[in-house]
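# Pasting a predicted model and its sequence here:
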Amino acid sequence: MRFVYHEDYLKPTQGPGHPECPERLEAIMAYIDQHELGAQLIAPEPADMKDILTVHSQDYMDLLRNFGRGRLDMDTAVYPHTYEMALLAAGGGISAVRNMLDRREPTFALLRPPGHHATREMGMGFCYINNVAVAANWLRKKLDRIAIVDIDVHHGNGTNDTFLDRPDVLYISTHEWGIYPGTGPAVQTGSGKGEGYTVNIPLSGRSGDATFTAAVEKIILPILSQFKPDAILVSLGVDAHYMDPLSSLTLSSRSYLDILTMLKEMAEELCEGRIALFLEGGYNLNALADVVGTAMGMFQGQPVDTVFNEVLDSECTGIEGVEHALAVQGRYWQL
């Protein structure tokens, strides 16, 4: 397995003490070294502006380039180096899908800053450029159908909106309902030709292992099987973990690994193993390294046991959210 990483991803993007910090990637890299995972590094280049502009407007990119120092919103600071760093992260996403496509192997993009909240006209929620959306549009020039599966405590509003009216990019999101950014109701299923290709699965607080297993087995896998993507991109946020300080969801490390294993097997069945993972959220350093590190080991056939495996949801705490999404999506898919 290869992974994308650059030392410039360790530059600060927020203020001191902020959860979206360089130590997130340092913890993952330390885990890779400690467990001698042997994954090979891909050094990225900044994304070309023509690829960025498939997702974001020129006005917004000009704003970000010339912003200097300040805040896009209360959660999203800007430094003089933010623009170049965001271009490098977006380029890292393209590097990941290029490697996935050329070598037919799973590829992990260890990116900072994250991206799935960034919209066409504005960055928000610690995000500046929507890395997975830019990569999906780049990949769409090579392949016909792309699926994006967003496993994060927060709804990926930017990715959702980018592909809302398109049938060629399927967007699926599991997220906690009622928290930032307040988007992603189950009844939002796309618009125009894209109706039915947006799949939102909002879940109540305390939802964890059993609830996510139900969502994956009853909704996500059947829809992927019917959509038949040519590649699967995973926006992976480890902030749905029970140890995460920003989350009320309760996924264990083991359940994260089980979900990623199922997605890997689906990619092998449907699209010659073409799957790439993009780091999004995740703010407990130990849980983040546990999930990402063991996932990298699993994808390259070098299994490492997860550590944080307490099951806090064994009885489908959030089953109502799953059933609601199931009923909505049943209008479009055989579920």
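Alright, I've got the coordinates.

# CA only for contacts and neighbour counts going forward, please
Will do.

# now the residue sitting nearest the centre point of the chain, what's its secondary structure?
In the chain, the centroid-proximal residue (CA atoms, centre = their mean) is Ser235; its distance is 1.2 Å. Assigned by DSSP: H, G, I helix; E, B strand; the rest coil, the conformation of Ser235 is strand.

# okay, how far is it across stretch 191-209, tip to tip?
Counting by CA to CA, to the nearest Å, you get 31 Å between the two ends of stretch 191-209.

# List the buried residues for that stretch?
Judged by neighbour count (16 or more other CA atoms under 10 Å), stretch 191-209 contains these buried residues: 194-209.

# Which members of those are the farthest-apart pair?
Of all pairs drawn from the buried residues of stretch 191-209, the greatest distance, 31.5 Å, lies between Gly194 and Arg206 (CA to CA).

# Tell me which stretches of this structure form strands.
Assignment of strands within the chain using DSSP state E yields the ranges 2-4, 40-42, 70-73, 76-78, 107-109, 146-151, 169-176, 198-203, 231-236, 275-279.

# Same list (those) but as CSV, adding mean pLDDT.
Listed next are the strands of the chain as CSV, based on pLDDT from 0 to 100:
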stretch, mean pLDDT
strand 2-4, 97
strand 40-42, 97
strand 70-73, 95
strand 76-78, 97
strand 107-109, 98
strand 146-151, 99
strand 169-176, 99
strand 198-203, 99
strand 231-236, 98
strand 275-279, 98
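
# Of all those, which one is nearest Leu53?
Using CA to CA, these put strand 169-176 closest to Leu53, at 17.2 Å.

# before we move on, back to that, enumerate every residue touching the residue nearest to the centre of the chain.
Shown in contact with Ser235 (CA atoms under 8 Å, 6 or more residues apart in numbering): 116, 132, 148-152, 277-280.

# now swap in Phe3 and tell me
39-42, 96, 107-110.

# Does Gly15 touch Ala77 like I think?
Yes - if you go by CA atoms under 8 Å, Gly15 and Ala77 touch, sitting 7.4 Å apart.

# overlap in contacts of the two?
Applying CA under 8 Å, 6+ apart, one finds that no residue jointly contacts Gly15 and Ala77.

# Between the two, which is the more surrounded one?
Ranked by neighbour count (other CA atoms under 10 Å), Gly15 and Ala77 place Ala77 first, with 21 against 14.

# Isn't the more buried one up against Gly70?
Yes - in this structure Ala77 lies within contact range of Gly70 using CA under 8 Å: 5.8 Å.

# Let me know which of the strands of the chain is tucked in deepest.
With neighbours taken as mean count of other CA atoms under 10 Å, the strands of the chain reach their highest mean count in strand 107-109, at a mean of 31.

# Please list all residues in contact with the closest residue to His324 other than its chain neighbours.
Leaving aside its sequence neighbours, His324 sits nearest to Ala186 (CA to CA, 6 or more residues apart in numbering; 7.2 Å). Contact partners of Ala186, counting by CA under 8 Å, 6+ apart, are 199-202, 324-325, 328.

# 6 Å instead?
Counting by CA atoms under 6 Å, 6 or more residues apart in numbering, Ala186 touches 200-201, 325.

# gap between it and Asp258?
Counting by CA to CA - Ala186 and Asp258 are separated by 24 Å.
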